[in-house]
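> only geometry, no sequence info:
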């Protein structure tokens, strides 16, 4: 699949898309994990991440501990930014309840495996061929510029019938517009095995994992070249995504200044990698301070700042960030199960 840089070329409005006649699994109080449980789970994940960092401090010294915390903060901020895309996918395909949690669960484990491979290859590449740092730095700087440019640009109306992920799924499987609980496949009246919209949503989640890793892995390698530290910072951020989504799903559109803050962080890390390559080192302590300050300003401006403080367009209701240019086909009603 031809995929653009992370979050770039991809703001889209969904309010004009045809509404689905068949909605996914019905959300009930017993079906939904409670908000308090999500808070407890998120707190436990953050506490575990902090304990791991404390263990690094005791066992391997302050330098690696600082690198870990810097990497963790970067990855956590990118994970929060990813929620814009997850919310778009789930809203667009009308995925709710247990089906939504099932998609997140599959996505988390797939992301864990993919990040392990990417980080292992990335650290080996840096050790074997040092100039690859400049390639990673270029990826981060390009992504940073793309995010800022997209933030300042009015969204384009996409072709919602031409999503490459949906086309790929349709070419591999016969698909239906109807859900069957939280199943990825269902049986038509004539016995054919059909893929449900839940499988297409999962495919979008999995593709998003690949897109996110394009700048996520270079970003963490910009603050540490230790594979254990890099992988651990990624994993603690990823493992908290499921409960974090439950908490922030209804709030992601309120963080208008988070994406520009993330863009500045990616640009800073990219510049730091270039400096490291040419012998101009920025300490991990300084890097951590810059990252925390930038992200805190982004969140603070989103919550308490005026809308027109910076030329940043706040997302409209029903608008989010898509992982691929061109949108996708939303489940439609008006027919029985059949090939899409």
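Yep, that arrived. Keep in mind that this is a model prediction, so the values were computed, not measured.
> can you give me the helices in this protein?
Assignment of helices within the chain using DSSP state H yields the ranges 35-60, 62-92, 97-128, 132-152, 164-172, 197-221, 227-239, 241-248, 258-277, 284-304.
> chain center to the shortest one, what's the gap?
Going back to what we said before, that points to helix 241-248. Taking CA atoms, centre = their mean, to the nearest Å, the mean C-alpha location of helix 241-248 is offset from the chain mean by 12 Å.
> and if you look at the last one?
For helix 284-304, the distance from its own C-alpha centre to the chain's C-alpha centre is 19 Å (CA atoms, centre = their mean).
> what helices and strands are in contact with it?
When contacts are defined as 3 or more CB pairs under 8 Å, 6 or more residues apart in numbering; DSSP states H and E, helix 284-304 sits against helix 62-92, helix 258-277. Where you see a C-beta, it was placed from the backbone N, CA and C, and this is true even at glycine.
> residues in contact with that helix?
Contacts of helix 284-304 from elsewhere in the structure, counted by CB atoms under 8 Å, 6 or more residues apart in numbering, are 63, 66-67, 69-70, 73-74, 77, 223, 254-262, 264-265, 268-269, 272, 309-310.
> then the shortest one?
Contacting residues not belonging to helix 241-248 are listed as 33, 35, 37-39, 41-42, 45, 79-80, 82-83, 86-87, 101, 104-105, 107-108 [CB under 8 Å, 6+ apart].
> in the chain, where is pLDDT below threshold?
The chain contains residues with pLDDT under 70 at 1-34, 81, 154-163, 165-166, 250-253, 307-340.
> tell me how far the residue nearest to the spatial centre of it lies from residue 273.
With distances taken as CA atoms, centre = their mean, residue 82 lies nearest the centre of the chain, 2.5 Å away. For residue 82, the distance to residue 273 (CB to CB, to the nearest Å) stands at 22 Å.
> now do residue 150
From residue 150 to residue 273 the distance is 23 Å (CB to CB).
> name the residue in the two with the higher neighbour count.
Each of residue 150 and residue 273 has its neighbours counted (other CB atoms under 10 Å); residue 273 has more, 26 against 20.
> distance-wise, check the more buried one relative to residue 78.
Taking CB to CB, one finds residue 273 at 16 Å from residue 78.
> wait, doesn't residue 202 sit right on residue 105?
No. If you go by CB atoms under 8 Å, residue 202 and residue 105 don't touch, sitting 10.2 Å apart.
> those two: who's more crowded?
Counted by other CB under 10 Å, residue 202 and residue 105 do not tie: residue 202 has more neighbours, with 24 against 11.
> report the contact partners of the closest residue to that one other than its chain neighbours.
The shortest distance from residue 202 to any non-neighbouring residue, by CB to CB, 6 or more residues apart in numbering, is to residue 103 (5.1 Å). Contact criterion CB under 8 Å, 6+ apart gives 90, 95, 198, 201-202, 205 as the residues in contact with residue 103.
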